[in-house]
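Trainee: the sequence isn't on hand, but the structure is:
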């Protein structure tokens, strides 16, 4: 969790790609690819993506893009 936030509940309700990438510790292009492929749910606002905090929390809890399936 970036130093700016102590826990998930302090995050904004809608996260930018950059904020989500920082939380996941991946490059912003990785987050954009996940959004385009439908592996991470998001909403386009103009030309920018927004990800709901709860959606990102569920994504992490499910094991990320693998969905918990490591086989």
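Mentor: That came through fine. Because the structure is predicted, anything quoted here is derived from the model rather than measured.

Trainee: any chance you could list what contacts the longest strand along the chain?
Mentor: If you go by DSSP state E, the chain has its longest strand at strand 48-52. Strand 48-52 is contacted by residues 13-17, 20, 31-32, 35, 40-44 when judged by CB atoms under 8 Å, 6 or more residues apart in numbering. C-beta: built from backbone N, CA, C; applies to glycine.

Trainee: right, and the helix or strand after that strand?
Mentor: helix 53-61 (DSSP states H and E).

Trainee: buried residues, that next one. List them.
Mentor: Neighbour counts over helix 53-61 (16 or more other CB atoms under 10 Å) mark 53, 55, 56, 59 as buried.

Trainee: the residue lying closest to the last one once chain neighbours are set aside: neighbour count?
Mentor: The shortest distance from residue 59 to any residue other than its chain neighbours is 5.5 Å, reached at residue 40 (CB to CB, 6 or more residues apart in numbering). Using other CB atoms under 10 Å, residue 40 is surrounded by 22 other residues.

Trainee: how close does residue 40 sit to residue 57?
Mentor: 12 Å (CB to CB, to the nearest Å).

Trainee: re the thing from before, so which of the contacts of strand 48-52 are in strands?
Mentor: Among the contacts of strand 48-52, the members found in strands (DSSP E) are 14, 15, 16, 43, 44.

Trainee: using PyMOL, define a selection of the buried residues within these.
Mentor: Selecting only the buried entries of those in PyMOL, with 16+ other CB under 10 Å as the criterion:
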select buried, resi 15+16
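
Trainee: of the ones in strands among the contacts of strand 48-52, which pair is most distant in space?
Mentor: Pairwise distances across the ones in strands among the contacts of strand 48-52 (CB to CB) peak at 13.9 Å, for the pair 15 and 44.
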